[in-house]
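>>> Sequence and predicted structure, then a few things I'm wondering about:
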There are 4 protein chains.
Amino acid sequence: MGPNRTKPYRLAAREARPHRTVIDVKGVQVGGPGLVVIAGPCSVESEAQLFETARAVRAAGAHILRGGAFKPRTSPYDFRGLGKAGLELLAEAGRLTGMPIVTEVLSERHVDLVARYSDILQVGCRNMDNYALLEAVAETGKPVLLKRGMAAKIREWLLAAEYILARGNDRVILCERGIRTFDDEYYRNLLDINAIITARLESHLPIIADPSHGTGRTGLVTRAALAAVAAGADGLMLEVHPNPAAALSDGFQSLTPAEFGNLMAELRALCQAIGRPLGPELGTRAGGVA
Amino acid sequence: MGPNRTKPYRLAAREARPHRTVIDVKGVQVGGPGLVVIAGPCSVESEAQLFETARAVRAAGAHILRGGAFKPRTSPYDFRGLGKAGLELLAEAGRLTGMPIVTEVLSERHVDLVARYSDILQVGCRNMDNYALLEAVAETGKPVLLKRGMAAKIREWLLAAEYILARGNDRVILCERGIRTFDDEYYRNLLDINAIITARLESHLPIIADPSHGTGRTGLVTRAALAAVAAGADGLMLEVHPNPAAALSDGFQSLTPAEFGNLMAELRALCQAIGRPLGPELGTRAGGVA
Amino acid sequence: MGPNRTKPYRLAAREARPHRTVIDVKGVQVGGPGLVVIAGPCSVESEAQLFETARAVRAAGAHILRGGAFKPRTSPYDFRGLGKAGLELLAEAGRLTGMPIVTEVLSERHVDLVARYSDILQVGCRNMDNYALLEAVAETGKPVLLKRGMAAKIREWLLAAEYILARGNDRVILCERGIRTFDDEYYRNLLDINAIITARLESHLPIIADPSHGTGRTGLVTRAALAAVAAGADGLMLEVHPNPAAALSDGFQSLTPAEFGNLMAELRALCQAIGRPLGPELGTRAGGVA
Amino acid sequence: MGPNRTKPYRLAAREARPHRTVIDVKGVQVGGPGLVVIAGPCSVESEAQLFETARAVRAAGAHILRGGAFKPRTSPYDFRGLGKAGLELLAEAGRLTGMPIVTEVLSERHVDLVARYSDILQVGCRNMDNYALLEAVAETGKPVLLKRGMAAKIREWLLAAEYILARGNDRVILCERGIRTFDDEYYRNLLDINAIITARLESHLPIIADPSHGTGRTGLVTRAALAAVAAGADGLMLEVHPNPAAALSDGFQSLTPAEFGNLMAELRALCQAIGRPLGPELGTRAGGVA
């Protein structure tokens, strides 16, 4: 079937493919029947903090490890990540726990560096319209996790994915992470479930939700995660920190390992109800190291 | 326990009550353990259309019948409802099917009239800030279903409820119906699940979701309904029409009776998973007429 | 020329009239060549406060006196105005200073009362979609000042005006008062100059701007007022209070009489530049009482 | 005076400097007493199109020439500019007409290339949060024109400027280009005059307005430009095309040379009224080539 002629995102459109896209990341299938859970700290702060978190989320059933080595910060004076040292820690934590890793790339100049360490390259919401970066990550051939911009229309988001697909890289994971609205008294962003539903109707690409950023408040994360899965999300991305109050970034929206464990239990029940299995335990897949 | 001193909505605040509020509407408990489903046409158009819809939603498991007799329309030239004749048909349909009814009141002058027929008075999103109407409906002593305004902050919504509570009527059902955002290419409104979660944390009042208006597109309604329930909504309000394409209002967001039946089946499975029963079949409660 | 067929607001559309509508309010022409300035306190608080303000704005060149007797407040516990006593004071202040008056009506039940005292009936932003109120004020035959809702689309605003025109009252003054956006750290609302320009292109009705609500910060009011006039507004509505710090409502956006005087001086220079006179001094018009 | 301690944008805050910043661009003072006008086509399309436009805007009184060589486009399939050839044409057009030039840089990899040709480096609204690009342009030492993101809070915009200042480059020109709201039926973006006023109160940096993008409709541009100047903008940036209907990008918001000439005449009258001269004719300044 040829490129779609009526939708502006020819390659990302659902009509462009006979089946939904499933992306294999070292044995974890994103977009397949199983729900995939990505978890880890907002920022990589230290070996101890990262490894403790990685082991905890792995034990609770997470499939992919997240963590920021290069952090986009609104202020130039805030903690901006450990950089290359953070990447090395992430890779090591991934090896130890048998999980593939995902981390954000902020600069065209860092694309090759990040691609050497990370299994998935994340383009953050601030860079969804950074077309130079989109094309640079596309060219690595690695899977790309593309967050929606905080005021991006769905059409624009799918066209940002199209920038990657048009460069010959069709391994794009869409990630809804909350939009900016007129009310931020009780939450920082609003997790857009309509966007999750729509993305699945409009595109063949996998779509995951980030309820940590999508609410910005720990107390809302679990319920928002369940809602996203009920809406049809193929996976979740969650911030977990052993001591959120001491986190160098985003502590107010991070779960403790115990809270994350409770969430995983609720997810298992929900997945059963909606007929979608929680992704396989890592120990059971090829390449797992449980 | 006295009125809450730190939150501006003293009576609506969760701290103002030892327990969550449960509102009994002719035997249907709104805000109790069971999920409550309100369904029916956007507008009452004719006896045939209303009765067919009422019987269908009743058979599929709905608990309360909705239908508009006075319709708020953006244009003065659009169909504005059957008025008193619509109220009479609604009341008759409620009697025939054993369901309590809810309908919107648009004018202070109609409050007494609508209160004579309807078991719940609905204040629509356009009138959330119409304080004169809020106080008039409060004084009827009837339960009030208070929709959130399309750009109302959560604090403002709870303060609108406070207008009713402060007049001595504490039977307020909050209803999240979608907000206005920067993107309406794929949906008219965005169902705000963060608001559902927050309302349950901030207030003791029951909170229901309206995925029909919260998406404005039939194809998104079912998934959005499931998400709202997973987020913790105490109930749902849904538009159903025997022939959506011929509806005089909102056909593009109405479910057919068959689609509604499928949604109810999915809800039953979901309710089981999250440990919240779907509200009792009407035939099993006191006063039911199955 | 018949009603416009292509625009949904048939009577409000520019094409529906050969000329722009000019509304005479006791000799003040709104929508004519002269810029009209409406000024006064947010709320009528006392005889002393109102009369001092009225004399001051009159001396500085204001044409119409504003003041709230019935105040819409987000919280039911805030000061809600003096009601009928406030109307009597307003009418007296108008007589003493020779200015017509404008005040808001919040309830259908108060329409006749307010119409007995006020020369213009104001429908506030919270009630733009309160169609019952729109029709009730239309039927008084008095001029209506219709504020835009805080998240109302321009089309919806013109259709709200259409509700009044369709009842045979064509004396509608549109008022842009700022919209709600994603940023309220530095201002409460955003004065929408694109809406002012568009309203003049789309409709024959006069359009005025309210920079007090359109910014919500005293320090921004003067510049925003000048911008609105440069954009083509037919008039301005401004909050003035002899002692803003002690105001019972909206002190943070009120000008002092001295600040208002300075604004009027800047307006005179601007009006000359854009070839639009500031409306005539009241003493020079028929019926003036200087 | 040391860095400001209470505002997060220490160097950009007004309190950080005794005077407003004035940026000299080849003899054109941006942020000084004179209003500065930047004009030219959206995209550089050909030598004929660019040179005709440059001569026309120069003759009408523009001070700086704009034109896009690298174009950020929502779709990867749209015209993306002439690249280096476009830069060469721009530089030549600047020489011929005696105007400094400004053009956008989209990629870190192009910063040095663009800096070789352009007198001012523009960071577009899509890249306001692209911190890697902000730091790269900062290091060229060239003046930077920093557009506000389409949903950026004012605080975030000033912090984006802070990224540049913190790298030792204090020649930042802020540019308000319209924000995204809930209504785009009549205009694409909303020119935020409150932001213009606020930026001047909060920061010492020059602030200009882009009414072409700030409205997205030719018919609104002139009025919006006048409003921005009345609000206090230090300059304007305008799209002009000899034949807007045939433009490869943004024709619907471009002025013809004749419309631009009329706007300049209106600006002259307005500038006189508000006591701010239109910047000097280029022929009268040192280095001019009239």
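Everything's here; your move.

>>> Strands of the stretch 51-200 of chain A, start to end?
For the stretch 51-200 of chain A, the strands defined by DSSP state E, counting those that start in this stretch occupy A:64-66, A:101-104, A:120-123, A:144-147, A:172-176.

>>> Could you save those as a markdown table and add columns showing distance to chain C and mean pLDDT?
Any C-beta I mention is one placed from the backbone N, CA and C, and that applies to glycine too. Putting the strands of the stretch 51-200 of chain A into a markdown table (distance: least, CB to the nearest CB, whole Å; pLDDT from 0 to 100) gives the following:
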| stretch | distance to chain C | mean pLDDT |
| --- | --- | --- |
| strand A:64-66 | 27 | 98 |
| strand A:101-104 | 23 | 98 |
| strand A:120-123 | 22 | 98 |
| strand A:144-147 | 18 | 98 |
| strand A:172-176 | 17 | 98 |
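
>>> out of those strands, nearest to C:Ile64?
Nearest to C:Ile64, of all the strands of the stretch 51-200 of chain A, is strand A:172-176, at 49.5 Å by CB to CB.

>>> Tell me the strands beside that closest one, with direction?
strand A:144-147 (parallel), strand A:207-209 (parallel) (DSSP bridges).

>>> Mean neighbour count for those strands - can I get that in CSV?
Below are the strands paired with strand A:172-176 laid out as CSV (neighbours: other CB atoms under 10 Å in any protein chain shown):
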stretch, mean neighbour count
strand A:144-147, 26
strand A:207-209, 28
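
>>> Kindly reformat these as CSV containing distance to A:Gly261.
What follows is the strands paired with strand A:172-176, written out as CSV (distance: least, CB to CB, whole Å):
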stretch, distance to A:Gly261
strand A:144-147, 24
strand A:207-209, 19
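
>>> does the residue positioned nearest the centre of chain A have beta-bridge partners, and which?
The geometric centre of chain A, computed from its C-alpha atoms, lies nearest to A:Met237 (CA atoms, centre = their mean), at 4.7 Å. Beta bridges link A:Met237 to A:Ile38 when assigned by DSSP bridges.

>>> ok, the closest residue to A:Gly68 other than its chain neighbours to D:Asp78 distance?
Excluding the flanking residues, the one nearest A:Gly68 by CB to CB, 6 or more residues apart in numbering or on different chains is A:Ser43, at 4.5 Å. In this structure, A:Ser43 and D:Asp78 are 37 Å apart, going by CB to CB, to the nearest Å.

>>> Neighbour count for those two, which is higher?
Using other CB atoms under 10 Å in any protein chain shown as the criterion, A:Ser43 and D:Asp78 rank with A:Ser43 on top: 25 against 13.

>>> pLDDT wise, what is that one at?
On the pLDDT scale, A:Ser43 is placed at 97.

>>> wait, doesn't it sit right on A:Gly67?
Yes - contact criterion CB atoms under 8 Å: A:Ser43 and A:Gly67 qualify, at 7.1 Å.

>>> Mutual contacts of these two, please.
A:Gly86 (CB atoms under 8 Å, 6 or more residues apart in numbering or on different chains).

>>> Around chain D, which positions in the stretch 151-290 of chain A sit nearby?
Counting by CB under 8 Å from any CB of the partner chain, the stretch 151-290 of chain A comes close to chain D at A:Ala151, A:Arg155, A:Glu156, A:Leu159, A:Glu162, A:Tyr163, A:Ala166, A:Arg180.

>>> and which of those residues is nearest A:Ser107?
Closest approach between these and A:Ser107, by CB to CB: A:Tyr163, at 17.0 Å.

>>> What's the separation between that closest one and C:Val37?
52 Å.

>>> neighbour-wise, which of the two wins?
Between A:Tyr163 and C:Val37, counted using other CB under 10 Å, the more crowded position is A:Tyr163 (29 against 25).

>>> In contact with that one, which residues are there?
Applying CB under 8 Å, 6+ apart to A:Tyr163 gives the contacts A:Tyr131, A:Leu134, A:Glu135, A:Ala138, D:Pro76.

>>> Please repeat the previous calculation with a cut-off of 10 Å.
With contact set as CB atoms under 10 Å, 6 or more residues apart in numbering or on different chains, A:Tyr163 has these partners: A:9, A:12, A:123, A:128-135, A:137-138, A:146, A:169, A:172, D:73-77.

>>> ends of stretch A:118-131, how far apart?
Using CA to CA, to the nearest Å, the end-to-end distance of stretch A:118-131 comes to 21 Å.

>>> Quickly check: it near chain D or not.
Yes - residues of stretch A:118-131 contacting chain D under CB under 10 Å from any CB of the partner chain: A:Gly124, A:Cys125, A:Arg126, A:Asn127, A:Met128, A:Asp129, A:Asn130, A:Tyr131.

>>> quick one, what contacts the fifth one?
Going by CB under 10 Å, 6+ apart, A:Met128 touches A:134, A:146-152, A:156-157, A:159-161, A:163, D:126, D:129.

>>> Can you tell me which of the residues you listed end up in helices?
Residues of those located in helices (DSSP state H): A:Leu134, A:Glu156, A:Trp157, A:Leu159, A:Ala160, A:Ala161, A:Tyr163.

>>> what's around the second one, how many residues?
Which is A:Glu156. Residues near A:Glu156, counting by other CB under 10 Å, number 21.

>>> okay, now the residue nearest to it when sequence neighbours are not counted: neighbour count?
Distances taken as CB to CB, 6+ apart put D:Thr74 closest to A:Glu156, at 5.6 Å, once the chain neighbours are dropped. Per other CB under 10 Å, the neighbour tally for D:Thr74 reads 18.

>>> can I assume D:Thr74 is in contact with A:Ala160?
Yes - counting by CB atoms under 10 Å, A:Ala160 is a contact partner of D:Thr74 at 8.4 Å.

>>> Okay, helices next: where are they in the stretch 151-290 of chain A?
Along the stretch 151-290 of chain A, counting by DSSP state H, counting those that start in this stretch, helices occupy A:154-165, A:193-202, A:211-215, A:218-231, A:257-273.

>>> Report the mean confidence score over the third one.
Okay, so that is helix A:211-215. 98.

>>> wait, does it contact chain C?
No - judged by CB under 10 Å from any CB, helix A:211-215 and chain C are separated, with a smallest distance of 15.5 Å.

>>> tell me how far that helix is from the chain's mean position?
The chain centre lies 11 Å from the centre of helix A:211-215; the measure is CA atoms, centre = their mean, to the nearest Å.

>>> cool, and the fourth one?
In this view, helix A:218-231 has its centroid 15 Å away from the chain centroid, taken as CA atoms, centre = their mean.

>>> Tell me what angle it forms with helix B:257-273.
Here helix A:218-231 points in a direction 130 degrees away from that of helix B:257-273 (axes from the mean of the first three to the mean of the last three CA atoms, to 10 degrees).

>>> Could you list the buried residues of the least confident helix or strand in chain A by mean pLDDT?
Every helix and strand in chain A was compared by mean pLDDT, DSSP states H and E; the lowest is helix A:257-273, with a mean of 95. For helix A:257-273, burial by neighbour count (16 or more other CB atoms under 10 Å in any protein chain shown) applies to A:Pro257, A:Glu259, A:Phe260, A:Gly261, A:Leu263, A:Met264, A:Glu266, A:Leu267, A:Leu270, A:Cys271, A:Ala273.

>>> didn't A:Leu87 look like it was pressed against A:Val102?
No - A:Leu87 lies out of contact with A:Val102 (CB under 10 Å); the separation is 11.7 Å.

>>> how about the closest residue to A:Arg223 other than its chain neighbours, what does it touch?
When the adjacent residues along the chain are set aside, A:Arg223 lies closest to B:Ile197, with 4.5 Å between them (CB to CB, 6+ apart). Applying CB under 10 Å, 6+ apart, we find B:Ile197 in contact with A:186-187, A:191, A:215, A:217, A:219-224, A:226-227, B:207, B:231-233.
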